[in-house]
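# Quick one, structure for this:
(2 chains)
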Amino acid sequence: MLFSLRELVQWLGFATFELFLHLAAILVFSMLVALRADMFTPTLSWWLVFVPLFAADGLSTYFTAIVSIRLYQENEKRLAVLRLLWVLTVLSLKLVCEVLLCQKLVEQEQARDLWFGLIVSPLFILLQFLMIRACRVN
Amino acid sequence: MSLAQRVLLTWGFTLVFLIMLVVKLDGKVQWNWFLIFLPVWVFDGILVIMMAVKMAGRCKPGYDPRNGSPDLRLRAWYLAAMLLKLGFCLTLCAKLEGLADIKLTLVCVPLWTMLLGALVELGLNIFPERREV
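Numbering: from 1, shown residues only, chains lettered A, B, ... in the order given. Predicted coordinates for the structure are as follows:
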């Protein structure tokens, strides 16, 4: 569309398989959110709704660890460390945002101090990192 | 458009949309949801126009289809995906504004169609079809 797959992989620093994994997780997550919001499954906890996203983060971390170990073994030490650092930074920022959002949804009234600006702040930091990375890729 | 320009365009619109969304969700402003989604409308509008122009360019006399650009089928899918995303955002805004009393499951149908299509396309890239030599 606006970016080719190759450009996206270069910019985001994730392999195609990882992008596939996260997209599949978003699909399942959106289905669970719709089911929960429409009260088809009112007993479903918000933590369970977020499980696909947490699982995708975990699997992506595992995949990155394997790739980094392989790169390290093949004497691409700098590349291995850089890839590991980048992916872990992105995934941890994403995870913090997800956990805060889930917390907010679970404790609607009790979590009044947890305003949305705070919840989305990891995404703002991530956007700055992506801009810096875009300059490097370009 | 160069990669830097495309990145800047995406980054700028995402940042503005996120800021407007946060301001609205925190109750600092009482703007209409359609106004909050303004960066999405503008960005999608730019993309649809760009795609339509590129598709129209193929109809020019003397166009060589072997110049490396994606085929018409792929471009048609991109256009359909954009329209599905626009449909999702429009129905979501209508629901949030209370203009339409529809279930979120129905609102999400265009989004799911688009995501499924994107998954198929990504899957084809991960596991390319083996061709006989």
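# Kindly indicate whether residue A:114 is helix, strand or coil.
The local conformation at residue A:114, judged by DSSP: H, G, I helix; E, B strand; the rest coil, is coil.
# how many neighbours does the closest residue to it other than its chain neighbours have?
Among residues not flanking residue A:114 along the chain, residue A:104 sits closest, at 5.1 Å (C-beta to C-beta, 6 or more residues apart in numbering or on different chains). Quick note: C-beta positions are derived from backbone N, CA and C, even for glycine. Per other C-beta atoms under 10 Å in any protein chain shown, the neighbour tally for residue A:104 reads 19.
# Identify all contacting residues around stretch A:25-38.
A:41-42, A:44, A:46, A:48-50, A:52-53, A:55-56, B:103-105, B:107-108, B:111-112, B:115-116, B:119 (C-beta atoms under 8 Å, 6 or more residues apart in numbering or on different chains).
# switch the cut-off to 7 Å
A:41, A:44, A:49, A:52-53, A:55-56, B:103-105, B:108, B:111-112, B:115-116, B:119 (C-beta atoms under 7 Å, 6 or more residues apart in numbering or on different chains).
# Now, of those, which are buried?
Neighbour-count burial (16 or more other C-beta atoms under 10 Å in any protein chain shown) applied to those gives A:49, A:52-53, A:56, B:104, B:108, B:111-112, B:115, B:119.
# pLDDT at residue 70, what is it?
By default, I'm working from chain A. pLDDT recorded at residue A:70 is 94.
# Correction: the question concerned chain B.
pLDDT, read off for residue B:70, is 60.
# buried ones in the helix or strand of chain B with the lowest mean pLDDT?
The weakest-scoring helix or strand in chain B, judged by mean pLDDT, DSSP states H and E, is helix B:38-57 (a mean of 87). Within helix B:38-57, the residues that count as buried by 16+ other C-beta under 10 Å are B:39-40, B:43-44, B:47, B:51.
# What parts of chain B come near chain A?
B:3-4, B:6-7, B:10-11, B:14-15, B:18, B:22, B:25-26, B:47, B:78, B:103-105, B:108, B:111-112, B:115-116, B:118-119, B:122-123, B:125-126 (C-beta under 7 Å from any C-beta of the partner chain).
# Run through the residues that contact the residue nearest the centre of chain B.
Central residue of chain B (C-alpha atoms, centre = their mean): residue B:82, 3.5 Å from the mean position. Under the criterion of C-beta under 7 Å, 6+ apart, the neighbours of residue B:82 are B:44, B:47-48, B:51.
# can those residues go into JSON lines with extra columns for distance to residue A:69?
Below are those laid out as JSON lines (distance: C-beta to C-beta, whole Å):
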{"residue": "B:44", "distance to residue A:69": "41"}
{"residue": "B:47", "distance to residue A:69": "39"}
{"residue": "B:48", "distance to residue A:69": "44"}
{"residue": "B:51", "distance to residue A:69": "41"}
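# Just give me the closest of those residues to chain A.
residue B:47 (6.0 Å; C-beta to the nearest C-beta).
# got any ranges where chain A has weak pLDDT?
For chain A, the stretches with pLDDT under 70 are A:109, A:111, A:138.
# Write out the residues of it neighbouring chain B.
Within reach of chain B by C-beta under 7 Å from any C-beta, chain A has these residues: A:1-3, A:5, A:7, A:11, A:16-17, A:19-20, A:23-24, A:26-27, A:30-31, A:34, A:37-38, A:115-117, A:120, A:123-124, A:127, A:130-131, A:134, A:138.
# Buried by neighbour count, from the residues you listed: which ones?
A:1-2, A:7, A:11, A:17, A:19-20, A:23-24, A:26-27, A:30-31, A:34, A:38, A:115-116, A:120, A:123, A:127, A:130, A:134.
# picking that back up, look up how far residue B:56 lies from the residue nearest to the centre of chain B.
Look at residue B:82 and residue B:56: by C-beta to C-beta, to the nearest Å, they are 16 Å apart.
# for residue A:107, same thing?
The gap separating residue A:107 from residue B:56 is 53 Å, by C-beta to C-beta.
# Out of the contacts of stretch A:25-38, list just those in helices.
Here DSSP state H is the test, and the contacts of stretch A:25-38 give A:49, A:52-53, A:55-56, B:104-105, B:111-112, B:115-116, B:119 as lying in helices.
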